[in-house]
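> Attaching a predicted model along with its sequence, questions to come.
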Amino acid sequence: MGPREPVEDDRALVEAVLARAPGAFERLVRAYQGLCWHIINRMVRHPDDTRDLCQETFLRVYRYLHQYRFESALKSWIGQVAYSVARRHLERKRIPIAETADPDESFDVLDRVRDDFDLEGASADAELVRALHAEIEALPPLQRTVLTLYHLEEVPIAEIAEMTGLAAGTVKSHLFRCRAKLKARLEARIGGTR
Amino acid sequence: MNQSEWEAQERALREERQGAAAASGDARVAAYRLIARVLRDPPLAPPPEDFAARTAARVELAARILDDRVELWLQRALLGLLVLGGAAATVVYGGEWLRAVAVRMAERADLGALTGAGWALAVAACVGLSAAVERFARRDA
């Protein structure tokens, strides 16, 4: 999905949907399906559930769009709906959403940085990339989603906080810890293969 | 939170978004750039091609069905309220109404007799007219 739509476009789109203009709701779905798909897929990781929950998200968007007051970006509002639909799905299945931070967790491995990291060589290493994807998949749903929103959808921390209902500091902390953990695993893997 | 580590993470993200040349000279940033690159290219299947059209059609149909159901439910609720209100008013005021009707009928008993004579004349005229029309019809046949 591309960069955020201007607010004026959001307003026109919302007004068209509320006026039941032909094709308006399909345009809205087309504009935000990528965002919803990524949030829900990152949360539930099941293709069929992702499709069904995305449809449920847009049904809710359609029903409650008259309550949207343009106080936040439409993207944030729809992202919030998608996140809450996915979160309720996981809660019903009793799947934990987030991993609580371990206060004793240390990142001393962060200081053990190799001075010869070959970025292009590493990114061409299919096995290494696959392993990194597996590490990301192994993160808890909330952390996976926060990373995806920040890196793939380029959503700012404040908007991620709005979508997830977390404090901006908590979002930042999740980002920091997840990336540090991924780097530690990467370093361990590279160290282990050399 | 380790501030310099956070800055390295953010710098890697910026460089990766800008597509900066890989040789930044900082191995820590380079490691984070690999993570940022992997995060920007997840093995996620995109939504199906027709997802938007199908979803919009389905949602609009579901909303219409719901609207119809709500409308039907509201109609029934209003009719129920009307019946209940009518019944309650009859129970509360019915006695008064019956008394008022009886009093009026007693007061207008004379006028009622006059009106009755008028109705009898009208009925007789109708019967006479019908009989005349029938006789004309038979003669033509």
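Arrived safely. Residues are numbered from 1 along each chain as shown, chains lettered A, B, ... in the order given.
> Please make it C-alpha for all contacts and neighbour counts, starting now.
Noted.
> Write out the residues of chain A neighbouring chain B.
Chain A has residues A:25-27, A:29-30, A:33-34, A:37-38, A:41, A:51, A:55, A:58-59, A:62-63, A:110, A:113-120, A:122-123, A:129, A:132-133, A:147-148, A:151-152, A:173, A:176, A:179, A:182-183, A:186 near chain B, with proximity defined as Cα under 8 Å from any Cα of the partner chain.
> So how do I select the buried members of these in ChimeraX?
Applying 16 or more other Cα atoms under 10 Å in any protein chain shown to those leaves a buried subset, and the ChimeraX line that selects it is:
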select /A:25,26,27,29,30,33,34,37,38,41,51,55,58,59,62,110,113,117,119,122,123,129,132,133,147,148,151,152,176,179,182,183,186
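> Please list the members of the residues of chain A next to chain B that lie in helices.
A:25-27, A:29-30, A:33-34, A:37-38, A:41, A:51, A:55, A:58-59, A:62-63, A:119-120, A:122-123, A:129, A:132-133, A:147-148, A:151, A:173, A:176, A:179, A:182-183, A:186 (DSSP state H).
> where in chain B is pLDDT low?
Applying pLDDT under 70 to chain B flags residues B:22-25, B:109-116, B:140-141.
> Select the longest helix from it.
Assignment by DSSP H gives helix B:51-107 as the longest helix of chain B.
> Which neighbouring elements make contact with that helix?
helix A:24-44, helix A:47-64 (3 or more Cα pairs under 8 Å, 6 or more residues apart in numbering or on different chains; DSSP states H and E).
> can those go into JSON lines with extra columns for mean pLDDT?
Formatted as JSON lines, the helices and strands packed on helix B:51-107 follow (pLDDT from 0 to 100):
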{"stretch": "helix A:24-44", "mean pLDDT": "94"}
{"stretch": "helix A:47-64", "mean pLDDT": "93"}
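> Go through these and name the closest to A:Gly169.
Counting by Cα to Cα, A:Gly169 lies closest to helix A:24-44 out of the helices and strands packed on helix B:51-107; the figure is 20.1 Å.
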